[in-house]
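Visitor: Okay, structure incoming, though there's no sequence with it:
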């Protein structure tokens, strides 16, 4: 009986732990205009130091939470100076204190950036853009598509990639 109660307790605790972990999942958000769409998991700052700490400088980041961020272009574009065919791509970044690398990869359905090294041969564009420092931190990762760019802001960082 003692073992049955102990097993039941551990099962209940494990189930509760999984339920709490699932509840912590960042919401999936999409933003679009007539030419492009971005779908991403939207993490919150929650008082954490983000770039250089939670997301280390010099390491590939999924640029969101949960599944890797995906961007769709409805027509051929010039993304940060590189020609890109219409289609859907996974968007990764490599944070840096001054210049960020923004990468488009043709392998869809990636979870985070865990398999990026295996799939980096499917990169279709890699561009370097300046990091802007924001005076007021942004609580939730936010993408905007002002028509001629892909912009994302989080914590004290803003990154803009021109799109023509």
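Guide: Ah, there it is. Just so it is clear, the structure is predicted and the values come from calculations on it, not from any experiment. Numbers count the residues shown, from 1 in each chain.

Visitor: now the helices for the chain?
Guide: Counting by DSSP state H, the chain has helices at residues 2-23, 116-119.

Visitor: where among those is the average confidence lowest?
Guide: Of all the helices of the chain, helix 2-23 carries the lowest average pLDDT, namely a mean of 47.

Visitor: what stretches of the protein score poorly on pLDDT?
Guide: For the chain, residues meeting the criterion pLDDT under 70 lie at 1-24.

Visitor: now for the lengthiest strand in it, which elements pack on it?
Guide: Criterion DSSP state E: the longest strand present in the chain is strand 123-144. Other elements packing on strand 123-144 under the criterion 3 or more CB pairs under 8 Å, 6 or more residues apart in numbering; DSSP states H and E are strand 28-32, strand 36-41, strand 82-84, strand 99-105, strand 149-162. Where you see a C-beta, it was placed from the backbone N, CA and C, and this is true even at glycine.

Visitor: Determine which of these approaches residue 65 most closely.
Guide: The stretch from the helices and strands packed on strand 123-144 with the least distance to residue 65 (CB to CB) is strand 36-41; that distance is 3.4 Å.

Visitor: What is the closest one packed up against?
Guide: By 3+ CB pairs under 8 Å, 6+ apart, strand 36-41 packs against strand 28-32, strand 65-73, strand 123-144.

Visitor: Just tell me which of these ends up closest to residue 92.
Guide: Nearest of these to residue 92, taken as CB to CB: strand 65-73 at 6.7 Å.

Visitor: ok, back up a step: please name whichever of the helices and strands packed on strand 123-144 is nearest to residue 138.
Guide: strand 149-162 (4.5 Å).

Visitor: contact partners of that closest one?
Guide: 36, 38, 43, 45, 49-51, 63, 71, 78-81, 93, 95, 100, 102, 127, 129-134, 137-138, 140-145, 148, 163 (CB atoms under 8 Å, 6 or more residues apart in numbering).

Visitor: For residue 112, which of the helices and strands packed on strand 123-144 is the nearest?
Guide: The nearest among those, by CB to CB, is strand 36-41 at 9.4 Å.

Visitor: tilt between the closest one and strand 123-144?
Guide: 80 degrees (axes from the mean of the first three to the mean of the last three CA atoms, to 10 degrees).

Visitor: Paired strands for strand 36-41, with orientation please.
Guide: Strand 36-41 has the following sheet partners, assigned by DSSP bridges: strand 28-32 (antiparallel), strand 65-73 (antiparallel).

Visitor: For the last one, buried residues please.
Guide: This means strand 65-73. 65, 66, 67, 68, 69, 70, 71, 73 (16 or more other CB atoms under 10 Å).
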